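Undergrad: Sequence first, predicted coordinates after that:
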Amino acid sequence: MTTIHMNLGEDRYDILVKRGILKNAQEHLNLNRRVFIVTDAGVPREYANTLAAQCKESVIYTVEMGEGSKSLRVFGELLKAMLKHGFSRKDCAVAVGGGVVGDLCGFAASAYMRGIDFYNIPTTLLSQIDSSIGGKTAINLNGVKNIVGAFYQPKKVLIDPDLLKTLPRRQISAGLAEAVKMALIADAPLFELFEQGDIESNLDEIIIRSLSIKKNVVEQDEKEAGLRKILNFGHTIGHGIESSTGNKGLYHGECVALGMLPMCSEEVRQRLLPVLTKCGLKTSINYHWDAIAEAAFHDKKADGDQVSVILVDEVGSCKVQTMACVKVIELAKAALEG
């Protein structure tokens, strides 16, 4: 088992990475109380049931798949369910699912009785690599992604790579995009592993190294006052693409992959393109630039007609730069339409 310590003072916690750890969750989590398990309809039911069997008392609450569940309505339903089942401040909530479930469950845990214990057991590669740690919890409002939420750290995170065995290949690819992002901004040898190594046989190492990068950033800037912004590499245009296409089928990771391309130097872009292809990610789509621009900059990260973007001029390092929104779109058009 690999243990990664998140050192955040009173909010410190461990991230445990081990194949098969879900079956022994009770050895690592305090389940001797009421446990509110949040999952979604796309997660194999056996995962939540495996956890529930280890709890003193449990309630499994299943939400619909997709970003639509990160809403005020569903958030309210979770709180009502906890209240109905008599959950107290001494009880806990556990997310068993991807990033949507983690964001939603974590935010509900932060709000119920002003905060109850929260554990995260991510079941997608994207959430295992990125969203399950760091304490960002949120829901969407009026079409704006993650605009209502809280920084609320989990008490512990269990990463079980065996849970990925049921994921479609495309979901694996979407998760790899976030790992490539981490490599580009902070770990040149990891990027070389993507270029030269076999991804499937190195998946555990990719997960652990990606988590370690995020851990180091979050420890220095928990509330995104500065440095943590580098984790948004690829997300400005990526969020624009994701929000503007709505339910037309693009995953978050696929959008981030596209969003990284304009924010690289030409030299890095030429190395990145074959890596994205190797990971099974798209390098072009049909772009609707007016809609993308509106979605990208109608966002909490935009400040008037300026936005902070993260640029990678060489693999393994990055910089934050303020840029006119119109210039960002020009860069994106040049890189993505060739």
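TA: Here it is on my side, so go on. Not measured: the values here are computed from a predicted model.
Undergrad: Secondary structure class of residue 4, three-state.
TA: strand (DSSP: H, G, I helix; E, B strand; the rest coil).
Undergrad: count of residues packed around the nearest residue to residue 34 once chain neighbours are set aside?
TA: Among residues not flanking residue 34 along the chain, residue 91 sits closest, at 4.0 Å (Cβ to Cβ, 6 or more residues apart in numbering). (Glycine included, C-beta is placed from N, CA and C.) Around residue 91 sit 21 other residues, with neighbours defined as other Cβ atoms under 10 Å.
Undergrad: Near residue 79, how many other residues are there?
TA: Residue 79 has 17 neighbours, counted by other Cβ under 10 Å.
Undergrad: so it, which of the three states?
TA: Assignment for residue 79 (three-state DSSP): helix.
Undergrad: Same check on residue 222?
TA: Following three-state DSSP, we place residue 222 in the coil state.
Undergrad: can you count the residues close to it?
TA: Residue 222 has 18 nearby residues by other Cβ under 10 Å.
Undergrad: what's the answer for residue 327, then?
TA: Count around residue 327 with other Cβ under 10 Å applied: 13.
Undergrad: follow-up on the earlier one: just confirm the residue nearest to residue 34 contacts residue 33, I think it does.
TA: Yes: Residue 91 is within contact range of residue 33, at 5.1 Å (criterion: Cβ atoms under 8 Å).
Undergrad: can you give me the helices for this protein?
TA: Counting by DSSP state H, one finds helices in the chain at the ranges 45-52, 72-84, 99-111, 125-126, 169-186, 188-196, 203-220, 235-245, 252-260, 266-278, 289-297, 325-337.
Undergrad: Dump these into TSV; add mean pLDDT and distance to residue 143 as well.
TA: TSV is the format used below for the helices of the chain (pLDDT from 0 to 100; distance: least, Cβ to Cβ, whole Å):
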stretch	mean pLDDT	distance to residue 143
helix 45-52	98	30
helix 72-84	98	13
helix 99-111	97	16
helix 125-126	95	21
helix 169-186	97	21
helix 188-196	98	34
helix 203-220	96	27
helix 235-245	87	7
helix 252-260	95	15
helix 266-278	97	28
helix 289-297	87	8
helix 325-337	91	18
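Undergrad: Output those helices as TSV; include the columns distance to residue 23.
TA: Below are the helices of the chain laid out as TSV (distance: least, Cβ to Cβ, whole Å):
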stretch	distance to residue 23
helix 45-52	6
helix 72-84	26
helix 99-111	20
helix 125-126	20
helix 169-186	22
helix 188-196	29
helix 203-220	17
helix 235-245	34
helix 252-260	27
helix 266-278	32
helix 289-297	41
helix 325-337	44
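Undergrad: Nearest to residue 305 among those helices would be which one?
TA: Checking the helices of the chain against residue 305 by Cβ to Cβ gives helix 325-337 as the closest, at 5.4 Å.
Undergrad: That closest one vs helix 235-245, what angle?
TA: Counting by axes from the mean of the first three to the mean of the last three Cα atoms, to 10 degrees, helix 325-337 lies at 80 degrees to helix 235-245.
Undergrad: If you count neighbours, what's buried in helix 325-337?
TA: Residues of helix 325-337 classed as buried: 325, 328-329, 331-332, 335-336 (neighbour count, 16 or more other Cβ atoms under 10 Å).
Undergrad: for stretch 24-44, same thing?
TA: Result for stretch 24-44 [16+ other Cβ under 10 Å]: buried residues 25, 28-29, 31, 33-40, 42-43.
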